[in-house]
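J.: Dropping a prediction and its sequence here:
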Amino acid sequence: MGLFDQFRIWVLTICLVFQSGYGFYLPGSYPHKYGVGDELSVKVNSLTSIDTEMPFSYYSLPFCTPDGGVKDSAENLGELLMGDRIENSPYRFNMYKNETEIFLCKTDPLSAEKFNILKKRIDEMYQVNLILDNLPAIRYTKKEGFFLRWTGYPVGVKLQDIYYIFNHLKFNVLVHKYEEANVARLMGTGDAPDMIPSIGKGESDVPGYMVVGFEVIPCSVMHNVDSVKNLKKYGKYPNAVKCDPNTVSMPIKEGQPIVFTYEVTFEESDIKWPSRWDAYLKMEGSKVHWFSILNSLMVITFLAGIVLVIFLRTVRRDLTRYEDLDKEAQAQMNEELSGWKLVVGDVFRAPTNPALLCIMVGDGVQILGMAVVTILFAALGFMSPASRGTLVTGMLFFYMILGIAAGYAAVRLWRTIGCGDNKGWVSVSWKVACFFPGIAFLILTTLNFLLWGSHSTGAIPFSLFVILLLLWFCISVPLTLVGGYFGAKASHIEYPVRTNQIPREIPAQKYPSWLLVLGAGTLPFGTLFIELFFIMSSIWMGRVYYVFGFLFIVLILLVVVCAEVSLVLTYMHLCVEDWKWWWKSFFASGSVAIYIFLYSVNYLVFDLKNLSGPVSATLYLGYSLFMVVAIMLATGTVGFLSSFWFVHYLFSSVKLD
């Protein structure tokens, strides 16, 4: 075989791998082949509602239980933190076997407590979430001529002060014939079949199917309780069941049992396995306004470019003028100097609370690094919606690993402020490892008590609390100390100028400098407020977020704009002889968090109008505060580091006496 033929085979093989991996979720689930008649088991997730944002266990309501008892499915750390509680269910099918009028169970007579809980869950619009082969059950409704898609189905409905429960489910399972890739057959003719072994016959000839869709139609059907007294589970209901989703006829009453039934049909579909999540990604309300985002990105990019060009021209003009004056007359230059060059002896004076600044910068480096890596991996498909909980798990993993970067950045900045002094680096490293996680622990613990009091599955179990504490003190803290050790060993950044012993008096300003600092956050906020709406909707409205590519672009633009805003504001302060730029550069870009929190309040008032109860509002504001603190640390760090680099570069580029 010639060299060209070998090259062609390798190219075709690589293309084939990428083609077969199109839409493949990494590290998501693999295609599962089911033979005709194989049993399919449905799982249940927590009951959810956009009215309360508090998930509850499926079996907290009087539903049928599976034989052998309720068992938890394997869950990862991310699922537990998100409040998912996946358990087995009594619903079971056989592949490609249509069944109707399947009797599931008759519950015990509703006690007063169960009856009141059921009414409350119906009032709060709770949804039942079912899962088959890792696919959530999807429901289609028609409204004003359009088909809307929703995951799950409501527990029941209230009409004219009467509560009705959906006690009959009509399942429609979409299947696609299992296609086993035969590499040799796809490679074509020639020498390829001789070089690559063909997949043998046998199992590949056995007909098999993959689940590519899971639809549910809930119905409220009046059942005769007396007719099912002698029926066993999965037996044939004696009467025909007519499932009409537009009518309800099964009211719930205290002291009366509820009869549950279901039916299932299988439908062969053209949807291929890699595309089976498309229906969920195109759900009503989650379709991203591509034109709006592109328009926003173009405007922000153009605006950032203008700021950068004006800024660079201004700095270069000043540098050129000072150098020219230096050449003409030294004495005249000293008399006519004004602006930032006058603060040469104070510009690197240590700020107030330098340890706190170093700690916040270290935590900001850690959070920003986690965000960049996580969003990049999600954009590449490693953390898709098909892999429940992997996004949160990945965030925790990357955050712990990047403790090294946090310790290194904080200690090196500490030594730079102290002009190379190593004293206190261990204390700084400890505080970096405990500052933001401590804030997060305090917020989450407070909210967890509220969830525990409400018996919600969103509450973090005590065992998980112990695991999180072990991860914190056994992995994150040691890695941060290791990073601090490397920061203590690294050479500190030397200042290009000497600091005077006596601080220079700052002239009176025409306007408060902190007013500019707070106003500077509007420009970074403009880069992300459109994307922020979709993120908030995915978190609080139960919609699927999947455009991580756009999110990564927005994150890069946010970093650029934060750096530019902080640079411009630092330069403006130096020009009016205000040498206290350290904290102002941090909060110039970090103030975007204030606007995000105000936007969160606006979203609560105008978009989550149905959010009921003070507990739900407290949970929302608590989680929003947690998010805002993280964003403030990350964006503030970007602003401070860019300003520090700029000030160091600026005073290194001119001749000074």
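T.: Arrived safely. Residues are numbered from 1 along each chain as shown.

J.: Identify the residues contacting residue 358.
T.: For residue 358, the residues meeting the contact criterion (CB atoms under 8 Å, 6 or more residues apart in numbering) are 410-411, 413-414, 417, 428, 432. From N, CA and C alone the C-beta is placed, and that goes for glycine too.

J.: Can I get these in CSV including neighbour count?
T.: Compiled in CSV, the contacts of residue 358 are given as follows (neighbours: other CB atoms under 10 Å):
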residue, neighbour count
410, 32
411, 30
413, 24
414, 29
417, 21
428, 25
432, 32
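
J.: ok, so of those residues, who is nearest residue 447?
T.: Nearest to residue 447 among those, counting by CB to CB, is residue 432 at 24.3 Å.

J.: My understanding was that the closest one contacts residue 408; is that so?
T.: No: contact between residue 432 and residue 408 fails when scored by CB atoms under 8 Å: they sit 9.8 Å apart.

J.: in the stretch 351-500 of the chain, which spans are helices?
T.: Listed from the start of the chain, the stretch 351-500 of the chain has helices (DSSP state H, counting those that start in this stretch) covering 354-379, 390-401, 403-417, 425-453, 462-471, 477-489.

J.: so who does the nearest residue to residue 637 once chain neighbours are set aside touch?
T.: Beyond its immediate neighbours in the sequence, the residue positioned closest to residue 637 (CB to CB, 6 or more residues apart in numbering) is residue 364, lying 2.7 Å away. Under the criterion of CB under 8 Å, 6+ apart, the contact list for residue 364 reads 633-638, 640.

J.: Does residue 510 fall in a helix, a strand, or a coil region?
T.: Remark: residue 510 carries the secondary structure label coil [criterion: DSSP: H, G, I helix; E, B strand; the rest coil].

J.: Distance check, the residue nearest the centre of the chain against residue 49.
T.: Of all residues in the chain, the one closest to the mean position by CA atoms, centre = their mean is residue 391, 6.3 Å from it. Residue 391 sits 22 Å away from residue 49 when distances are taken as CB to CB, to the nearest Å.

J.: One more: residue 533?
T.: Here the distance between residue 533 and residue 49 works out to 21 Å (CB to CB).

J.: quick one: which of these two has more around it?
T.: For residue 533 versus residue 49, neighbours defined as other CB atoms under 10 Å are more numerous around residue 49 (22 against 16).

J.: who are the neighbours in contact with the closest residue to the more buried one other than its chain neighbours?
T.: With CB to CB, 6+ apart as the measure, residue 126 is the residue that lies nearest to residue 49, at 4.5 Å, once sequence neighbours are left out. By CB under 8 Å, 6+ apart, the contact list for residue 126 reads 47-49, 56, 154-155.

J.: ok, how many other residues are close to the residue nearest to residue 385 when sequence neighbours are not counted?
T.: Leaving aside its chain neighbours, residue 385 sits nearest to residue 544 (5.1 Å; criterion: CB to CB, 6+ apart). Using other CB under 10 Å, residue 544 has 17 other residues around it.

J.: Residue 544 is in contact with residue 384, isn't it?
T.: No: if you go by CB under 8 Å, residue 544 and residue 384 don't touch, sitting 9.7 Å apart.

J.: which residues are contacting the strand or helix carrying residue 149?
T.: According to DSSP states H and E, residue 149 maps onto strand 146-151. Counting by CB under 8 Å, 6+ apart, the neighbours of strand 146-151 from elsewhere in the structure are 127, 129, 136-142, 279-280, 282-284, 542.

J.: Next, the buried residues of it.
T.: Under the neighbour-count criterion of 16 or more other CB atoms under 10 Å, strand 146-151 has 149-151 buried.

J.: What strands line up against that strand, and which way round?
T.: With DSSP bridges as the criterion, the sheet partners recorded for strand 146-151 are strand 138-143 (antiparallel).

J.: for the record, mean pLDDT for the partner strand?
T.: For strand 138-143, the mean pLDDT works out to 80.

J.: Outline the domain layout of the chain.
T.: 38-179+205-281, 286-500+510-653 (the TED database).

J.: Just put those in JSON lines and tack on distance to residue 32.
T.: As requested, the domains of the chain are exported to JSON lines (distance: least, CB to CB, whole Å):
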{"stretch": "domain 38-179+205-281", "distance to residue 32": "6"}
{"stretch": "domain 286-500+510-653", "distance to residue 32": "13"}
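
J.: Could you tell me the least trusted of those domains?
T.: If you rank the domains of the chain by mean pLDDT, domain 286-500+510-653 sits at the bottom with a mean of 85.

J.: Distance from it to the middle of the chain?
T.: Using CA atoms, centre = their mean, to the nearest Å, we find the averaged C-alpha position of domain 286-500+510-653 to lie 17 Å away from the chain's own average C-alpha position.

J.: which residues sit in contact with the residue lying closest to residue 369 once chain neighbours are set aside?
T.: Among residues not flanking residue 369 along the chain, residue 402 sits closest, at 4.4 Å (CB to CB, 6+ apart). By CB under 8 Å, 6+ apart, the contact set of residue 402 is 365-366, 369-370, 373.

J.: and if you look at residue 598?
T.: Residues in contact with residue 598 (CB under 8 Å, 6+ apart): none are found.

J.: Of the contacts of strand 146-151, grab the buried ones for ChimeraX.
T.: In ChimeraX, this line selects whichever of those come out buried by 16+ other CB under 10 Å:
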select :127,129,136,137,138,139,279,280,283,542
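
J.: of all the contacts of strand 146-151, which two lie farthest apart?
T.: Maximum pairwise distance among the contacts of strand 146-151 (CB to CB): 21.7 Å, between 129 and 142.

J.: Longest strand in this protein, by number of residues?
T.: Ordering each strand of the chain by length in residues (DSSP state E) puts strand 208-219 first.

J.: Run the chain-centre distance for it.
T.: Per CA atoms, centre = their mean, the displacement of strand 208-219 from the mean C-alpha position of its chain is 27 Å.

J.: and the angle from that strand to strand 138-143?
T.: Here the directions of strand 208-219 and strand 138-143 differ by 50 degrees (axes from the mean of the first three to the mean of the last three CA atoms, to 10 degrees).

J.: related to what we said a few turns ago, which neighbours do residue 432 and residue 408 share?
T.: Both residue 432 and residue 408 are contacted by residue 484, under the criterion CB under 8 Å, 6+ apart.

J.: returning to what we had before: out of the contacts of residue 402, who's the most crowded?
T.: Using other CB under 10 Å as the contact criterion, the top neighbour count among the contacts of residue 402 goes to residue 366, which has 34 neighbours.

J.: burial count for the nearest residue to it once chain neighbours are set aside?
T.: Setting aside the residues directly before and after it, residue 366 is nearest to residue 406 in space (CB to CB, 6+ apart), at 3.7 Å. Using other CB under 10 Å, the number of residues around residue 406 comes to 31.

J.: Correct me if wrong: residue 406 contacts residue 481.
T.: No: in this structure, residue 406 is not within contact of residue 481 by CB under 8 Å, at 10.5 Å.

J.: Kindly format the C-alpha coordinates of stretch 102-109 as CSV.
T.: Coordinates of each C-alpha in stretch 102-109 appear next as CSV, following Å, rounded to 0.1, in the frame of the first residue of the first chain:
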residue,chain,number,x,y,z
ILE,A,102,-52.8,-1.3,32.6
PHE,A,103,-53.9,-1.2,36.2
LEU,A,104,-51.1,0.2,38.4
CYS,A,105,-52.5,0.4,42.0
LYS,A,106,-55.3,1.6,44.3
THR,A,107,-54.0,3.9,47.0
ASP,A,108,-55.2,3.9,50.6
PRO,A,109,-58.0,6.2,51.4
